[in-house]
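S.K.: this one's sequence-less:
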């Protein structure tokens, strides 16, 4: 009995690591299991604590695709910002999960900007992400983006 009880703490530690890996794999699998469609883009332009819709009409229903090979793209889908195009890739680049899978880091090409989105909520049909920095001016600025399937 002594020999088997000595392995019990090791087994508990291994199980803890397994469940963390399963959770991390679940977030990756949820992100990459299909396209997401933008339903809102909210900002607090006046810095009064009230978040208002800030997306252009052509940005609503844009598709966001996180591929398993860590490529990323946003496409115009229903209302095209450029009426001469059908489906248009608006932005493309690479993505990765960071900080224990609580953030999505996206780079739009070698000369484009990079964004860090905090995962506020994620399940099979809803992805809510937030950004807390204006990457052009490098000043604090909160953006709230809601995507659905």
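M.R.: Looks like it came in fine. Treat the numbers as computed from the prediction; the structure is a model and nothing was measured.

S.K.: which non-adjacent residue is nearest the residue nearest in space to the middle of the chain?
M.R.: In the chain, the residue lying closest to the centroid (C-alpha atoms, centre = their mean) is residue 104, at 4.9 Å. Closest residue to residue 104 apart from its sequence neighbours, by C-beta to C-beta, 6 or more residues apart in numbering: residue 117 at 4.5 Å. Backbone N, C-alpha and C define where each C-beta goes, glycine included.

S.K.: how many neighbours does the one you found have?
M.R.: Residue 117 has 19 neighbouring residues, counting by other C-beta atoms under 10 Å.

S.K.: I'd guessed it sits against residue 146; true?
M.R.: No. With contact defined as C-beta atoms under 8 Å, residue 117 does not count as touching residue 146 (11.9 Å).

S.K.: Tell me which helix or strand in the chain has the weakest average pLDDT.
M.R.: When each helix and strand of the chain is scored by mean pLDDT, DSSP states H and E, helix 2-32 comes last, with a mean of 60.
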